[in-house]
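> build the 3D model from these lines:
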Amino acid sequence: MKIFREILRIIKQLILLPKSIINFLFGNFYNDIFLSRYKTEHYGLLNLKQKVLIFLIFPESGLSKSHLRTLKYFIKKNYSPLVVSNKPLSKEDRENILKNCWTLIERKNFGYDGGGHREAILLLSKRISTLKNLFLLNDSVWFPINKDDSYIDFISNSNLDFIGATSHYGFERLKLPSNRKDFTRNINFSFNKNFHYGSYALSFSNKILRDENFLKFWKNLRLSGTKNIAVRRWEIGITQFVLKNKNFSHGSFVNSEKLIYSLKMFSKEKLIEISKKSIIENDSLKKIKSKFYFELNDFSKDELINFIIFLVSRQIIVFSLISFLIEELKFPFLKKILLKFDKDCSEKTYKIIKNLDGDIFKEICADIKNDESLNRYLKLN
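Predicted structure coming up:
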């Protein structure tokens, strides 16, 4: 079976190879020369300050109250929003954004998030070295989902140059466990070639912004119309750019490198709860969780921790442990895609949403009701 999957993967790569080559050679030309004709820039009502938020949106069901709440939150924190919409806006939506931003860019959705962020950063190119902080955010998440400022405070109070909300794929990827003994082995963490900070929320200090290679990274970023290639080039690419420069410090609000230590602070009962409330969308991982689900009560604390770390090593923490992150760590982000995976993932995510503050709950529910891709697995009143 494994050999068959590998053969299929190779065949798929060969089929997509011509498209990948064309994208690599001509993607930026296509975006910067041809698609730029359809790009529009609008000046908002706010002034440019020393801290800038680049907020990338793709409002499939139109601009929502949660979009505006995010903008107003950052304005309150003295950020000047630069909004990039990868989808054409209605006149009403455009006017609402312009009341709450410094500049608005509307563009074709080529290069996905990386393409949109690149557009905004090139617009800022002459001023970027003078900024105190640059924050990249996209609307794949609801933020903030609580009334706690710990994340923004973390950015303001830390001395880190590059900050993410979470990091991904730092834990080694072990083979699927066959029995309980497999959870006696610790899983190592490293800053490997696939390690990266989640691109849904990234913060850059002035030290990075005034480095000429930062701007070069964006100018030379190869855009692609293939989503996984586009994401890999910029999401992993920007993290690796920072890591290769030993002068830049980096970290994340949820420190995966210290996750094992953090979990040791909880009781065995809590670790069992964290394990059972994990949200899994990967089929092979679902089978593993199901296989050991009723044995978890007999696991030792170390085995439970290794079980949890195994889940994170196979599926990013902002999916698998989102309930734990929000309930215990005051994590202020919630990925919208969790509602799209399947019925089980959607229902578990909605339970989390129901426990949020009343006003935030209502805003998110309105988004869910207005977007069929978010409510397809839910029965809402």
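> quick one: the strands in the chain, in order.
For the chain, applying DSSP state E gives strands covering 40-43, 51-57, 80-85, 103-106, 133-138, 141-142, 162-164, 167-168, 196-197, 201-205, 250-252, 334-335.
> between the ones you listed, which gets nearest to Lys65?
strand 141-142 (11.0 Å; CB to CB). Backbone N, C-alpha and C define where each C-beta goes, glycine included.
> and that closest one, what other elements does it pack with?
Using 3 or more CB pairs under 8 Å, 6 or more residues apart in numbering; DSSP states H and E, the elements in contact with strand 141-142 are strand 334-335, helix 358-370.
> and the ones you listed: which comes nearest Thr70?
Minimum separation from Thr70 across those (CB to CB) falls at helix 358-370, 10.1 Å.
> and the closest one, which residues are buried?
By neighbour count on 16 or more other CB atoms under 10 Å, the buried set for helix 358-370 is Ile360, Glu363, Ile364, Cys365, Asp367, Ile368.
> same deal with stretch 133-148?
Buried, per 16+ other CB under 10 Å, within stretch 133-148: 133-146.
> wait, which of these is closest to Val84?
For the buried residues of stretch 133-148, the nearest to Val84 is Asn138 (9.0 Å; CB to CB).
> just checking, that closest one touches Ile54?
No: using CB atoms under 8 Å, Asn138 makes no contact with Ile54, being 9.0 Å away.
> report back the residue of the chain that's furthest from centre.
In terms of distance from the mean C-alpha position of the chain, Asp298 ranks first, at 34.6 Å (CA atoms, centre = their mean).
> could I get the pLDDT score of it?
pLDDT for Asp298: 94.
> ok, the one 4 residues further on next?
The confidence metric pLDDT takes the value 95 at Asp302.
> picking that back up, just put the buried residues of helix 358-370 in a markdown table and tack on pLDDT.
Compiled in a markdown table, these are given as follows (pLDDT from 0 to 100):
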| residue | pLDDT |
| --- | --- |
| Ile360 | 95 |
| Glu363 | 95 |
| Ile364 | 96 |
| Cys365 | 95 |
| Asp367 | 96 |
| Ile368 | 96 |
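> excluding chain neighbours, what is closest to Lys301?
Lys268 (5.1 Å; CB to CB, 6 or more residues apart in numbering).
> tell me, how many residues neighbour the one you found?
Applying other CB atoms under 10 Å, we find 15 residues neighbouring Lys268.
> quick check: it touching Glu303?
No: the criterion here is CB under 8 Å, and Lys268 misses it with Glu303 at 9.9 Å.
> now the most centrally placed residue in the chain: how far from Lys207?
By CA atoms, centre = their mean, the chain has its centre lying nearest to Tyr200, at 3.1 Å. As judged by CB to CB, to the nearest Å, Tyr200 and Lys207 stand 23 Å apart.
> next one: Ser373
For Ser373, the distance to Lys207 - CB to CB - is 40 Å.
> next: Leu63.
34 Å.
> pick out whichever of the two has more residues nearby.
Taking neighbours as other CB under 10 Å, Leu63 and Lys207 compare with Leu63 leading, 21 against 16.
> OK, contacts around that one?
Residues in contact with Leu63 (CB atoms under 8 Å, 6 or more residues apart in numbering) are Ile57, Leu89, Ser90, Asp93, Asn96, Ile97.
> return the member of the residues you listed nearest to Asn194.
Set against Asn194, the nearest of these by CB to CB is Ile57 (27.6 Å).
> could you find the closest non-adjacent residue to that closest one?
In space, Ile57 is closest to Asp139, 4.5 Å off (CB to CB, 6+ apart).
> my read: that neighbour touches Ser61, true?
No: using CB under 8 Å as the test, Asp139 is too far from Ser61 to be in contact (11.3 Å).
> domain parsing for this structure?
27-166+192-252, 256-375 (automatic domain parsing).
> any idea of the mean pLDDT in the first one?
This predicted structure assigns domain 27-166+192-252 an average pLDDT of 91.
> roughly how far out does it sit from the chain middle?
12 Å (CA atoms, centre = their mean, to the nearest Å).
> then the shortest one?
Between the centre of domain 256-375 and the centre of its host chain there is 15 Å, according to CA atoms, centre = their mean.
> for that domain, measure first residue to last.
Distance between the two ends of domain 256-375: 31 Å, counting by CA to CA, to the nearest Å.
> what sits against the residue farthest from the centre of the chain?
Residues near Asp298 by CB under 8 Å, 6+ apart: none.
> can you count the residues close to the nearest residue to Lys227 once chain neighbours are set aside?
Spatial nearest neighbour of Lys227, excluding adjacent residues (CB to CB, 6+ apart): Tyr112 at 5.8 Å. Tyr112 has 24 neighbours, counted by other CB under 10 Å.
> swap in Asn245?
Around Asn245 there are 16 residues (other CB under 10 Å).
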